[in-house]
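Asker: Okay, sequence plus prediction incoming.
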Amino acid sequence: MDYQKQQERAAQFRQLHYDAPLLVLPNVWDAASARIIEQAGFPAIATTSSGVATVLGYSDGQHISRGMLIEALARITRVVDCPVTADIEAGYGDSIEEVLQTVKAVIETGVVGINIEDSLKQQENTLADITYQVELIQALRELANSLGVPFVINARVDVFLLAIGEPESRFEHAVQRANAYLQAGADCVYPIGFLERSTITDLVRAINGPINILGSSPDLPLPVLAQLGVARVSLASRLMLSILGHMRTIARELLEHGTYTSLHAEALSSTEFKALFS
């Protein structure tokens, strides 16, 4: 990866969090899916940790090795020209130093942004201590400064996803964490979960920086999220779930009816297929 080009892509990706239109990231899992999204015209690409793990034969939750993650990211950055941000879950490390080693390796692939979770992989439905997470984000920002690559830190807030605490306490808890992460050096925060419109509206007002929202709710299409002031929308594993669901439909039709209707629906042409990597 050309160092100057990586710096430019990082700056470009950061700016996308402030410019109209809304930054939409249909998360990808390999080189082919990345090329499809880039060719469709999206200005940046994000990976899905569950998708990357699935194509390698593992479930989500850091069950693949750090090396497997890095190899997957390198294959993606090799074939696309737009900025790539990586879902690195909780960082593949039990200490800040180990997470920094992960992120250094991620940056060396050409990636210019990361998602970092504040939930613990070692303990189910448990959040990292907020002091630790703040120190981690500060260390990540210092790493970016030392490398001269202004990579984008998207700090995930898992309060809603894991249903931490009583329902009436979750909003203030999420806002507290989100603002602490932004102050520590995060560029964007991601209060992940299937949130209601009123909750998103209140989060946008209470959080002092760009907000990433999990998309795909029929009641909250992209234009509505943009009107609410959301900066960035991710689809997490939803794109892969859709693709695998369509594949299952094809398989069932072949097995039960011996016909090809689903197989040909929305299929790439041979020319388009060859052009993915040409």
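Answerer: Yep, it's here.
Asker: For the protein, which segments count as helices?
Answerer: Listed in chain order, the helices of the chain (DSSP state H) span residues 3-15, 31-40, 49-55, 66-79, 96-108, 130-147, 167-184, 197-206, 222-228, 238-256, 261-264, 270-274.
Asker: Would you mind telling me which of those helices is nearest Pro21?
Answerer: Ranking those by their distance to Pro21 (criterion: C-beta to C-beta) puts helix 222-228 first, at 6.6 Å. In short, each C-beta sits where N, CA and C put it, glycine included.
Asker: Give me the helices and strands touching the closest one, please.
Answerer: The contact analysis (3 or more C-beta pairs under 8 Å, 6 or more residues apart in numbering; DSSP states H and E) places helix 222-228 against helix 197-206.
Asker: So what touches the helix it packs on?
Answerer: 171, 174-175, 178-179, 191, 195, 211, 213, 219-220, 224-225, 228-230 (C-beta atoms under 8 Å, 6 or more residues apart in numbering).
Asker: Any chance you could give me it in CSV, C-alpha atoms only?
Answerer: This file holds the C-alpha atoms of helix 197-206, laid out as CSV (Å, rounded to 0.1, in the frame of the first residue of the first chain):
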residue,chain,number,x,y,z
ARG,A,197,-36.9,6.6,15.9
SER,A,198,-37.3,8.5,19.1
THR,A,199,-34.2,6.9,20.6
ILE,A,200,-32.1,7.8,17.6
THR,A,201,-33.4,11.4,17.6
ASP,A,202,-32.4,11.7,21.3
LEU,A,203,-29.0,10.1,20.7
VAL,A,204,-28.2,12.5,17.9
ARG,A,205,-29.0,15.4,20.3
ALA,A,206,-27.1,14.1,23.3
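Asker: any idea of the angle that helix forms with helix 167-184?
Answerer: Using axes from the mean of the first three to the mean of the last three C-alpha atoms, to 10 degrees, the inter-axis angle of helix 197-206 relative to helix 167-184 is 30 degrees.
Asker: Return the set of buried residues in helix 197-206.
Answerer: The neighbour-count criterion (16 or more other C-beta atoms under 10 Å) identifies Thr199, Ile200, Leu203, Val204 as the buried residues of helix 197-206.
Asker: now swap in stretch 97-113 and tell me
Answerer: Along stretch 97-113, these residues count as buried under the neighbour rule (16+ other C-beta under 10 Å): Val99, Leu100, Thr102, Val103, Ala105, Val106, Ile107, Thr109, Gly110, Val111, Val112, Gly113.
Asker: and it, how far out from the chain's middle?
Answerer: Averaging C-alpha coordinates over stretch 97-113 and over its chain gives two centres that are 15 Å apart (C-alpha atoms, centre = their mean, to the nearest Å).
Asker: Okay, now the unreliable bits of the stretch 1-150 of the chain?
Answerer: Per-residue confidence of the stretch 1-150 of the chain (counting by pLDDT under 70) places the weak regions at 1.
Asker: related to what we said a few turns ago, give me the buried subset of the contacts of helix 197-206.
Answerer: Judged by neighbour count, with 16+ other C-beta under 10 Å as the criterion, the buried members of the contacts of helix 197-206 are 171, 174-175, 178-179, 191, 195, 211, 213, 220, 225, 228, 230.
Asker: Looking at the buried residues of helix 197-206, which one is closest to Leu276?
Answerer: Taking C-beta to C-beta as the measure, Leu276 lies nearest Ile200 of the buried residues of helix 197-206, at 35.5 Å.
Asker: Nice, that's everything, thank you.
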